[in-house]
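Student: quick one, fold the following:
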Amino acid sequence: MDVIKFDKIAFMKTKIYQVNGYSFVDIKTKNLDVVFCDLGASIYSIEFCGDLMALTPQNEDDFFSCNIYHGKTIGRFPNRIKGNHIELDNKLYSLENNEGPNVLHGGKSGLSTKKFSYKINENDSSVEVVFTYLSKHLESGFPGNINIQVTYVIHDSSIEIIHEATSDMDTIFSLTNHAYYNVGSPNLDNLSLCINSSRYIHPNQIDLIPEDVRLVDDSLNFKNGKKIMNNINDDCLLATKANGYDHFYIFDSININEPAISLSSDKYVMNIFTDYEGTQIYSDNYEDEIKFKNVNRKVHRGIAIEPGYMTNKITMLRKNDKYKHKIMLKFERR
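Tutor: Reported below is the predicted structural model:
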C-alpha cells in the first residue's frame, strides 16, 4: 500500500460537531464524504459521488442505540472466544461473556463501547483522523495495558484504515472494523462479492465458535465473484445459528497492492486491499428495528466485511511488540 501514489485533493472540508458528548468528524473531498465518531473509533457514514456506500443510521440516536457493532472498531479480540476465560503464562483470566457463555467482539464493554481521543492532520493529498485509546490491564478481563491507535486516512476516492498497538504484557489481541457495506443499494439483492479465497473456517452449528479449516463448497465460494444472495437460502447456511453468511475466509495470497475483496453494485465497485490474512463475512442475517437511510428492509441490508487474523486460533501480542495492519477501501464508478 505504501507504493500507491495519490494526487492532491481538489476540494476538502472538515467539520466537527457534538452529539450527546461524542464527537463526529465530517471529512468532505471532491468525491467522498466520510463521517467518523470517537465512540468506538468508528465509521459513521461513507458517501461516494453522493450515494451511501455503507449502512448509515437515520440519526445519531440510532447510532448510539445500535447493537450490531455498526462501523465500530472491534477488539480487544474480534469474533468469538469459547467460554469466558483465557489462560496465558499459566494464569487464568476471566472475561466478560456477552453471547451466552461465550465472548463476542471483546465482551460487553469491548472497544466498540469506548470513547477514543482524536486529532486531525491535513496535507495536500489526504486528511488523517487519528484515534487513540489506552485499554488498561484487565479491562474486559484481558491482561496488559495496551496503547491502541486507529488512523483513518481519507483520499479523494479511498479510505485507509491503519491499526496499531503495543502492550506492556503478553496478551491476546486483534482489531478490525465492523462497517456494513451496500455500495449505493437498498439491500443485498443485487450486490456481487468476490473474495480471493478457496478456504474458510467452519463455525460450530450451534454457537458459531470457529473450528476447522475447510475448502469452500458451492454455497460458500466467492472466488470468481457471484451475487451474495444466490445461495443465501442453501441448507448448509440455514442449518446453523448464522442463518446466512457468518464465516471467516482465508486469503489464498496476501498482496497489499492487489484487491483481496471486491463488492459491486450496478453502479459502484469497492475494492478492499489489506495485509491481514483473511476476512469475516457477515450478511446481516437477523431482523431488527434499527433505522438506516435508504434501506428498504430489516434483514440482509448490508454486508459486514471484517479483515483480520484467522479466527480459530488465539492471536498473541507479545510484550513491547508492535501490532500494525492496514485496510484500504477504494471506491470507483462502474
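
Student: and the gap between Tyr133 and Thr274?
Tutor: 22 Å (C-beta to C-beta, to the nearest Å). No exception for glycine: its C-beta is placed from N, CA and C like everyone else's.

Student: okay, how far is it across stretch 263-280, tip to tip?
Tutor: Terminal residues of stretch 263-280 lie 14 Å apart, using C-alpha to C-alpha, to the nearest Å.

Student: what's the answer for stretch 226-233, then?
Tutor: For stretch 226-233, the end-to-end distance is 15 Å (C-alpha to C-alpha).

Student: now swap in stretch 264-276 and tell me
Tutor: This stretch, stretch 264-276, spans 21 Å end to end (C-alpha to C-alpha).

Student: mind listing what's buried along that stretch?
Tutor: Across stretch 264-276, burial judged by 16 or more other C-beta atoms under 10 Å covers 264-265, 268-276.

Student: so how far is stretch 146-158 off the chain centroid?
Tutor: 13 Å (C-alpha atoms, centre = their mean, to the nearest Å).

Student: which one among the buried residues of stretch 264-276 gets closest to Glu211?
Tutor: Ranked by distance to Glu211 (C-beta to C-beta), the buried residues of stretch 264-276 are led by Tyr276 at 20.1 Å.

Student: that closest one: what's it in contact with?
Tutor: 176, 251, 254, 307-309, 325, 327 (C-beta atoms under 8 Å, 6 or more residues apart in numbering).

Student: same question for Ile16.
Tutor: For Ile16, counting by C-beta under 8 Å, 6+ apart, the contacting residues are 23-26.

Student: top of these by neighbour count?
Tutor: Val25 (21 neighbours; other C-beta atoms under 10 Å).

Student: work out for me the element Val25 sits within.
Tutor: strand 22-29 (DSSP states H and E).

Student: do Glu160 as well
Tutor: Counting by DSSP H and E, Glu160 is part of strand 158-167.

Student: tally of neighbours for the residue lying closest to Leu138 once chain neighbours are set aside?
Tutor: Closest residue to Leu138 apart from its sequence neighbours, by C-beta to C-beta, 6 or more residues apart in numbering: Tyr93 at 7.6 Å. Per other C-beta under 10 Å, the neighbour tally for Tyr93 reads 16.

Student: roughly how far apart are Asn196 and Ser174?
Tutor: 20 Å.

Student: for Ile314, that is, sorry about that
Tutor: For Ile314, the distance to Ser174 - C-beta to C-beta - is 9 Å.

Student: all strands for the stretch 101-250 of the chain, in order.
Tutor: 103-104, 117-122, 127-135, 146-154, 158-167, 171-172, 176-177, 180-181, 192-195, 197-203, 210-215, 226-227, 246-251 (DSSP state E, counting those that start in this stretch).

Student: circling back: so between Asn196 and Ser174, which is more surrounded?
Tutor: Ser174 (24 against 20).

Student: all helices for this structure, in order.
Tutor: Listed in chain order, the helices of the chain (DSSP state H) span 60-65, 235-238.

Student: distance to Thr113, mean pLDDT and mean neighbour count added to those, as JSON lines?
Tutor: What follows is the helices of the chain, written out as JSON lines (distance: least, C-beta to C-beta, whole Å; pLDDT from 0 to 100; neighbours: other C-beta atoms under 10 Å):
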{"stretch": "helix 60-65", "distance to Thr113": "11", "mean pLDDT": "89", "mean neighbour count": "16"}
{"stretch": "helix 235-238", "distance to Thr113": "30", "mean pLDDT": "90", "mean neighbour count": "13"}
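
Student: can you tell me how far the residue of the chain most remote from its centre is from Asp170?
Tutor: Centroid-distance maximum for the chain: Asn90 at 31.9 Å, with C-alpha atoms, centre = their mean. Using C-beta to C-beta, Asn90 is found at 12 Å from Asp170.

Student: check Ile161 too.
Tutor: From Ile161 to Asp170 the distance is 26 Å (C-beta to C-beta).

Student: out of the two, which sits in the more crowded spot?
Tutor: Ile161 (23 against 16).

Student: quick one: contacts for the more buried one?
Tutor: Counted by C-beta under 8 Å, 6+ apart, Ile161 has contacts 150-152, 177, 326-329.

Student: now swap in His202 and tell me
Tutor: By C-beta under 8 Å, 6+ apart, the neighbours of His202 are 210-214, 247.

Student: would you list the buried entries among those residues?
Tutor: 210, 247.

Student: what about the helices of the chain, which gets the closest to Glu289?
Tutor: Between the helices of the chain, helix 60-65 lies closest to Glu289; by C-beta to C-beta that is 9.6 Å.

Student: hmm, who's touching that closest one?
Tutor: 19-20, 22, 24, 37, 39, 44, 57, 70, 290-292.
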